[in-house]
Structure formats: structure tokens, C-alpha cells
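**Q** Need coordinates for the below:
(one chain, ligands or ions: 1)
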Amino acid sequence: MRPAARAHRAEPEPSRERGPERDREPRILASVSHSSRPPAPRNDSAPAPAHSARIAVVDDDKLIRERVAALLRSRGHVPTTFDSATKLLEAHKNTAFDLVLLDVVMEGISGVDACRILKAREEGFVPVVLVTSRADPDARVEGLRIGADDYVCKPFEEEELLARVASMLRIKRAYDDVATSRNRMAELAVLDDLTGLYNVRYLQQRFAEEWKRAERHREPLAIAMLDVDRFKLVNDQHGHEVGDAVLREMSARLRTSVRDTDVVARYGGEEFVVLLPSTQLSGALVVAERIRKSIAARRFETPRARLEVTTSIGIALYPSRGVTSKDQLLRAADTALYRAKEEGRDRICVYQEQMYVFRADEG
Ligand SMILES: [Mg+2]
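**A** Below is the predicted model of the structure:
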């Protein structure tokens, strides 16, 4: 039988609020550059843009190219000129432009075709403005139909061109902001607030996937369940702030002890689970022992105390006798963890029908 204290572990403790210093920065995907604004614009009447953007100017007419580039530069943007669509497409593989100004009539790949190619690419939103002659309505319609975001007629008024550029960059920034938030939301939805490790929801999902894969291909799958030895004492003697610091440090050491392919999650309270795909007993023991040692090796620095912390680890493997479902695998790891506690903590126990306790050489 299990002690009652370990019964309600399915959910992280709701009382644990996020610590003040999360070490994870939001992932920034926005590609509009927010760097310092270049020197004052030549045109005094119009306000300079709040953001400097990387803009590709594609035109086979050198005069137009240079005039547009100078105009953009005067507003603090960073233009790059190309005399053919081919060169633009080549450069766009390495440089993410915030906006592309595309001449329609060019030798080789036309502006419309280049636009189609740019729009077919998946990465983010790159506004494309077609620059067409007034006498060319078909190209304009075709351009918009295949996804160009706007067009400017040649010969163009400088202010009109700049206004359309500014408007496109506003849309681009809004798009990027949304993409950044969405990524951040997606990240938050799968991470544990306190530790930044994966949360239970993500673990369940990955575990289901890994189990299916293991079962289908008869691949090995190992799972390790571990917790902080005598964690209740830490909280009782030093308070929750210290308890939280211990969990964060534990998480940091876990992260550096596992392999890239392993999945580390906070299972709730002071419990953690590591999924080890395609891993046999020997490999699982290596990882588990690395974890155990990394925890015991140095004291934990917390706001009010330097603590000696140890961890007990239960390992279960698939395939093995008595394990025919993913729930059984998880339960087996749990049973092994419980046994490791009984055996005296700071150790690794492997679930087999005959339980097997692993004792590493000291040191
Ligand atoms: Mg042309």
C-alpha cells in the first residue's frame, strides 16, 4: 500500500505560484527589426518610421532600383536591391525580409511568378508589393489573385510608395506579434509554471505517442519516476519558498542529466517523470545514475539554506513481463520508486516481476 501523502499526485499543487524569476525568455519570432533608428530622414515633413525594416527591392531597371532604395533608406529602412527575381529568391533563403517590392516585368522569372513562389513558402508572413506599370491591369489582377498584398503603379509618387510600405509593415508587425503570442501560448500550455519542465498534460500526450510507437515496432521504452527524498521535511523546516527553490534546482539538474531524446516532466508536487524512448535497461540505468549523482553531488543553494538533497528513482521497462499497457508501465515505475524509498532512498530501483535494486559503486 502506498502512503496517503502520495495519493493525489495526478495534478501539480495549485498553491505553487510561478516564481518571480522565470529563466525562460519568450521565443521571439518577429522578424521586423526593432533596432536603433538610423540618421534623420532627408524628407523633413514626413515622420520617420518607428521601426526600421529589411526590404528587398527587385527591379531590372537600375534607376528605379536605386531611387526606391534611396527613398527607403531616407526613412530609416534597410533596403537590399536585386536586379532579378532569381537573385531575390536565392537571397531570401538566408535572409528573412520584412517586405518585398517586386517589379512585375523582368527577364527570367517575372514578378508575378516570384510572388507565387514566395507565397508558397511556409515560413511566416512576408508582404509582397508588386510594382507594375499603369498600362498593365492584367498583371495587377493576376498578382493580387495569386497572393500579392498590394501593388504600386509605375511611375509612382514617392509618398504613395512610402505610405503603402508603411501600411504593409504595420500588418507585418501585427502578424508577427500574433505569431509570437501564439507560440508563447503554445509553450505555456505544455510547461510547468514553477520549473519550466513539461507538465503532466504534455507528458500524457507524449507518453501515449511513445507507447504506441514502442508497441507497434516492438521498440524498447523506459520510464523513470523520481522524487525528492524527504521533501516534506524541507517544506516544514524551511518553508515553501525554499521548497520551490529545491524543485527548480532539481529540475535544472534533471535537464542537464538526460539526453536530447528524453522527455522530462514534472508529474506533480515533488515528483518527476523521465520518458526514455528506445532505451533498454542498461541505457536507462546510465541516465538514472547520472541524475542521482547530479542531485547528490552538490548542496542545493536556496534563499535561506544550503541543503543536501537526494532523489530516489524507480525504473520500468517495456517490453517486460507483466507490462502490457502504458498505465501498467507507469504503475511499475511508481512501484519501483516506492521500493527505492523503502530500501533507504538515494537509490535506483528497477521494476521486474522480481524487484531489482540497483546499487552503484560509491563515489
Ligand atoms: Mg521591369
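**Q** what's whatever residue of the stretch 251-363 of the chain ends up closest to the ion sitting at in phi/psi?
**A** Scanning the stretch 251-363 of the chain for the residue nearest the ion gives residue 260, at 49.1 Å (criterion: C-beta to the ion). For the C-beta atoms, the positions are set from N, CA and C on the backbone; glycine is no exception. For residue 260, the backbone dihedrals (degrees, to the nearest 10) come out as phi -60, psi -30.
**Q** How many residues are close by it?
**A** 4 (other C-beta atoms under 10 Å).
**Q** So which residues on this protein come close to the ion?
**A** Residues of the chain lying close to the ion by C-beta under 5 Å from the ion are 60, 103, 105, 106.
**Q** ok, these vs residue 193, which is closest?
**A** residue 103 (51.1 Å; C-beta to C-beta).
**Q** Cross-check the contact I'm expecting between the closest one and residue 56.
**A** No: using C-beta atoms under 8 Å, residue 103 is not in contact with residue 56, being 11.1 Å away.
**Q** Counting neighbours, go ahead and name the busier of these two.
**A** Legend: neighbour count by other C-beta under 10 Å for residue 103 and residue 56, higher for residue 103 (25 against 22).
**Q** Now that one: closest residue in space, sequence neighbours ignored.
**A** Excluding its sequence neighbours, the residue lying closest to residue 103 (C-beta to C-beta, 6 or more residues apart in numbering) is residue 59, at 3.9 Å.
**Q** got it, and residue 139?
**A** Nearest residue to residue 139, sequence neighbours excluded (C-beta to C-beta, 6+ apart): residue 104, at 4.7 Å.
**Q** residues touching that neighbour, list them.
**A** 110, 111, 112, 130, 131, 132, 133, 136, 139, 140, 143 (C-beta atoms under 8 Å, 6 or more residues apart in numbering).
**Q** Against residue 135, how distant is it?
**A** Using C-beta to C-beta, to the nearest Å, residue 104 is found at 11 Å from residue 135.
**Q** which residues of this structure fall in helices?
**A** 62-74, 85-92, 111-120, 137-145, 158-190, 200-217, 231-238, 240-257, 281-297, 326-342 (DSSP state H).
**Q** weakest of these by average pLDDT?
**A** Least confidently modelled of these is helix 137-145, at a mean of 80 by mean pLDDT.
**Q** what helices or strands is that one leaning on?
**A** Under the contact definition 3 or more C-beta pairs under 8 Å, 6 or more residues apart in numbering; DSSP states H and E, helix 137-145 sits against helix 111-120, strand 128-133, strand 150-154.
**Q** Of the ones you listed, which stretch is the most buried?
**A** strand 128-133 (a mean of 23; mean count of other C-beta atoms under 10 Å).
**Q** List the neighbouring strands of it plus their orientation.
**A** strand 99-103 (parallel), strand 150-154 (parallel) (DSSP bridges).
**Q** what's the closest non-adjacent residue to residue 110?
**A** Residue 110 sits nearest to residue 104 (C-beta to C-beta, 6+ apart), 6.3 Å away.
**Q** Sorry, slip of the keys, the one I care about is residue 107.
**A** In space, residue 107 is closest to residue 60, 6.1 Å off (C-beta to C-beta, 6+ apart).
**Q** May I have the residues that are in contact with that neighbour?
**A** Contacts of residue 60 (C-beta under 8 Å, 6+ apart): 83, 84, 103, 105, 106, 107.
**Q** and of these, the nearest to residue 123?
**A** Once C-beta to C-beta is applied, the member of those that ends up nearest residue 123 is residue 84, at 21.9 Å.
**Q** count of neighbours near that closest one?
**A** The burial count for residue 84: 17, using other C-beta under 10 Å.
**Q** Ok, residue 54 next?
**A** 17.
**Q** separation between it and the ion?
**A** With distances taken as C-beta to the ion, to the nearest Å, residue 54 is found 22 Å from the ion.
**Q** Quick check: bridge partners of that residue?
**A** residue 78.
**Q** Return the residues in contact with the closest residue to residue 239 other than its chain neighbours.
**A** Distance criterion C-beta to C-beta, 6+ apart; nearest residue to residue 239, sequence neighbours excluded, is residue 304 at 7.3 Å. By C-beta under 8 Å, 6+ apart, the contact list for residue 304 reads 238, 239, 241, 242.
**Q** and those residues, which are buried?
**A** Burial by neighbour count, judged by 16 or more other C-beta atoms under 10 Å, picks out 238, 242 from the contacts of residue 304.
**Q** Pick out whichever of the contacts of residue 304 sits closest to the ion.
**A** residue 241 (66.8 Å).
**Q** Test my guess that the closest one contacts residue 303.
**A** Yes: under the criterion of C-beta under 8 Å, residue 241 makes contact with residue 303 at 5.9 Å.
**Q** Residue most distant from the centroid, the protein?
**A** residue 135 (47.7 Å; C-alpha atoms, centre = their mean).
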